[in-house]
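A.B. asks: how does the following fold in three dimensions:
(chains A, B, C and D)
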2 protein chains.
Amino acid sequence: MTALDNAALRAATGAANGEQDRRAEIYRSAARIFHRKGYHATSINDIAAAVGLTKAGLYYYIKGKQDLLFAIMGFAMDQLDEQVIEPARRVEDPQARLETIVARHARLITQDSSALTILVNELEGLLPDDRADIIGRQRDYVDFIADTLAALRDEGKVLGLDPTVGAFSLVGMILWISRWYRADGRLDGDEVVAEVTRMAISAVLNRGEDSNAGNPARTGQPAKETRE
Amino acid sequence: MTALDNAALRAATGAANGEQDRRAEIYRSAARIFHRKGYHATSINDIAAAVGLTKAGLYYYIKGKQDLLFAIMGFAMDQLDEQVIEPARRVEDPQARLETIVARHARLITQDSSALTILVNELEGLLPDDRADIIGRQRDYVDFIADTLAALRDEGKVLGLDPTVGAFSLVGMILWISRWYRADGRLDGDEVVAEVTRMAISAVLNRGEDSNAGNPARTGQPAKETRE
DNA sequence: AGTAGTCTACCGACCGCCCGGTAGGTTCGC
DNA sequence: GCGAACCTACCGGGCGGTCGGTAGACTACT
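C.D. replies: Sure thing, here's the model as predicted:
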């Protein structure tokens, strides 16, 4: 069920298969509305109307409100896994890996923040088992960042920073983008991603002259890896 | 706490300003519950039960659910004004001022995050006019931080950072604390505040050797003002 | 001292509304 | 004629909010 739904969601702007498209449209609409109004403030009717169905018609596609939320969150976590964690895992140098994580996560948010934002804001709307599932995956992500910070520390590029606090702080910085970034604003998505990535790297790296193991720490632009 | 307050209040019937105490207790309870479950997922009955009243009894003290939310948010903004903005305004050196802002805001969150977290998470629960009021005050806060970053840039301590993006990013880092910090966790509140403050300063200051207008930019530890 | 009135602080019962969800069709392409 | 894709009509229940009370402390007057 969940895997199927996720596959449906992933079929973004498709041509073929009618049912899958419809389902994907429903999930996308629901994600947008949940994002805008919040899960509890959104009624099944709101979603049905947004996709041009009645409430009963909508129930042909979904099992219930909570399942819908869980499916959206599962999709968001899959997105994070595929677009951020997996690519970053293939980067061996810790600093480059951190840049990959931040830049890719930030980019995901500037592109479409709905699902990823619901992922962090509506956890209490889930059933306990589902919530445990999502929280576990989130914790893995934070641990992944914390491990990267620990590796940077072992290289001597970071001094006296608690990796866990560092990881949480970076995540907070990134997630917050969805609250202030507007696609039609002064800065475009790429500029925002670059700015935030630079701040993130700068936040964890040691400043200045001291104890820097080799490696002429780049102080200017971020890395190349910010796009694929 | 609640039971104690109620017992004390009941025992001291006839004492001076019981009404204000009761009202404060209601706001505090409501803030805690809104924080835990979210505004929309919290019923008036939940709050009434938490303070040992019936729903009808609660309405003797409040005008409605939305007014209650607005009152809590107003209180949170007042707290921010008094404990963060005003003290920081009296610090003239921009870097020290930034440290004051971050440290004081972070400290407020580690002490009691309920109201301050509601302030950012439940905006859509407000009436449009109330929301505009709160958003305006929030924007003033971000502008205050952005101005401080701009001042740092004018001193040459910050290069090529957009002050607005910088301000938002720092705010995101700080606000996120309420999502992961536990008073009974590995680190105590002061340690977390210190860590986050160091990261924030490090995130915006220039690293290393280049193009620094005069001014021996401190590249080692941050400043003293991180605690009072 | 007694008692009538007043006010604070609450409660039980109720209202209309809308919620998530369902039963039982109906339409329509194949 | 059959199943996929929807619909209308409805259900029980909980919601925010209101109404009409009332116990009891306090005051005022006789």
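A.B. asks: any part of the top helix by length along chain A near DNA strand C?
C.D. replies: Criterion DSSP state H: the longest helix present in chain A is helix A:128-154. No: Helix A:128-154 lies apart from DNA strand C when judged by CB under 7 Å from any atom of the strand; the minimum separation is 13.0 Å. C-betas here are computed from N, CA, C, even on glycine.
A.B. asks: OK, contacts around A:E25?
C.D. replies: A:V51 (CB atoms under 8 Å, 6 or more residues apart in numbering or on different chains).
A.B. asks: quick one: pLDDT of it?
C.D. replies: Confidence at A:E25, expressed as pLDDT, is 93.
A.B. asks: kindly report the same for A:F34.
C.D. replies: If you check A:F34, the pLDDT there is 97.
A.B. asks: hang on, isn't it packed against A:I72?
C.D. replies: Yes: contact status for A:F34 versus A:I72: in contact at 6.9 Å, counting by CB atoms under 8 Å.
A.B. asks: what do those two both touch?
C.D. replies: Common neighbours of A:F34 and A:I72, counting by CB under 8 Å, 6+ apart, are A:I118.
A.B. asks: which other helices and strands contact the one helix or strand A:A194 maps to?
C.D. replies: Taking DSSP states H and E as the definition, one finds A:A194 inside helix A:189-204. Counting contacts by 3 or more CB pairs under 8 Å, 6 or more residues apart in numbering or on different chains; DSSP states H and E, helix A:189-204 is packed against helix A:94-111, helix A:163-180, helix B:163-180, helix B:189-204.
A.B. asks: got the buried residues for that helix?
C.D. replies: A:189, A:192-204 (16 or more other CB atoms under 10 Å in any protein chain shown).
A.B. asks: what of stretch A:102-114?
C.D. replies: Counting neighbours by 16+ other CB under 10 Å, stretch A:102-114 gives A:102-110, A:112-114 as buried.
A.B. asks: the residue sitting nearest the centre point of chain A and A:D78: what is the separation?
C.D. replies: Centroid check for chain A by CA atoms, centre = their mean gives A:L116 as the closest residue, at 4.6 Å. Applying CB to CB, to the nearest Å, the value for A:L116 to A:D78 is 11 Å.
A.B. asks: now do A:I85
C.D. replies: Computed with CB to CB, the distance linking A:I85 and A:D78 is 10 Å.
A.B. asks: please apply the same query to A:I109.
C.D. replies: Noted for A:I109: a distance of 16 Å to A:D78, by CB to CB.
A.B. asks: near DNA strand C, which residues of chain A?
C.D. replies: By CB under 7 Å from any atom of the strand, the part of chain A that sits against DNA strand C consists of A:42-46, A:55-56, A:59, A:64-66.
A.B. asks: would you turn those residues into a markdown table with distance to B:G160, neighbour count and secondary structure?
C.D. replies: What follows is the residues of chain A next to DNA strand C, written out as a markdown table (distance: CB to CB, whole Å; neighbours: other CB atoms under 10 Å in any protein chain shown; DSSP: H, G, I helix; E, B strand; the rest coil):
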| residue | distance to B:G160 | neighbour count | secondary structure |
| --- | --- | --- | --- |
| A:T42 | 41 | 22 | coil |
| A:S43 | 46 | 13 | coil |
| A:I44 | 48 | 16 | helix |
| A:N45 | 49 | 12 | helix |
| A:D46 | 43 | 16 | helix |
| A:K55 | 52 | 13 | helix |
| A:A56 | 56 | 9 | helix |
| A:Y59 | 53 | 13 | coil |
| A:G64 | 50 | 10 | coil |
| A:K65 | 46 | 17 | helix |
| A:Q66 | 46 | 14 | helix |
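A.B. asks: got any ranges where chain A has weak pLDDT?
C.D. replies: In the predicted model, chain A carries pLDDT under 70 at residues A:1-18, A:207-228.
A.B. asks: domain assignment for chain A?
C.D. replies: A:2-63, A:66-204 (automatic domain parsing).
A.B. asks: the first one and DNA strand D, are they touching?
C.D. replies: This means domain A:2-63. Yes: applying CB under 7 Å from any atom of the strand, one finds that domain A:2-63 is in contact with DNA strand D at A:18-19, A:22, A:52-57, A:59-60.
A.B. asks: nearest to chain B, of these?
C.D. replies: A:K55 (19.0 Å; CB to the nearest CB).
A.B. asks: ok, now how distant is the closest one from A:L69?
C.D. replies: 16 Å.
A.B. asks: ok, A:N45 next?
C.D. replies: Distance, A:N45 to A:L69, using CB to CB: 16 Å.
A.B. asks: repeat for A:D143
C.D. replies: 24 Å.
A.B. asks: which one's more surrounded, the two?
C.D. replies: Shown here are A:D143 and A:L69; by other CB atoms under 10 Å in any protein chain shown, A:L69 has more neighbours (23 against 14).
A.B. asks: find the nearest non-adjacent residue to the more buried one, please.
C.D. replies: Leaving out its chain neighbours, the residue that sits closest to A:L69 by CB to CB, 6 or more residues apart in numbering or on different chains is A:G125, at 5.3 Å.
A.B. asks: right, and the one you found touches A:I72 too?
C.D. replies: No: the criterion here is CB under 8 Å, and A:G125 misses it with A:I72 at 10.4 Å.
A.B. asks: looking at the two, which one has more neighbours?
C.D. replies: Comparing A:G125 with A:I72 by other CB under 10 Å, the one with more neighbours is A:I72, at 26 against 23.
A.B. asks: so what does whichever helix or strand that one is part of touch, helix or strand wise?
C.D. replies: Here A:I72, judged by DSSP H and E, is contained in helix A:65-80. Under the contact criterion of 3+ CB pairs under 8 Å, 6+ apart, helix A:65-80 touches helix A:2-10, helix A:18-37, helix A:94-111, helix A:114-121, helix A:128-154.
A.B. asks: what about 7 Å?
C.D. replies: Packed against helix A:65-80 by the contact rule (3 or more CB pairs under 7 Å, 6 or more residues apart in numbering or on different chains; DSSP states H and E) you find helix A:2-10, helix A:18-37, helix A:114-121, helix A:128-154.
A.B. asks: okay then, goodbye and thanks.
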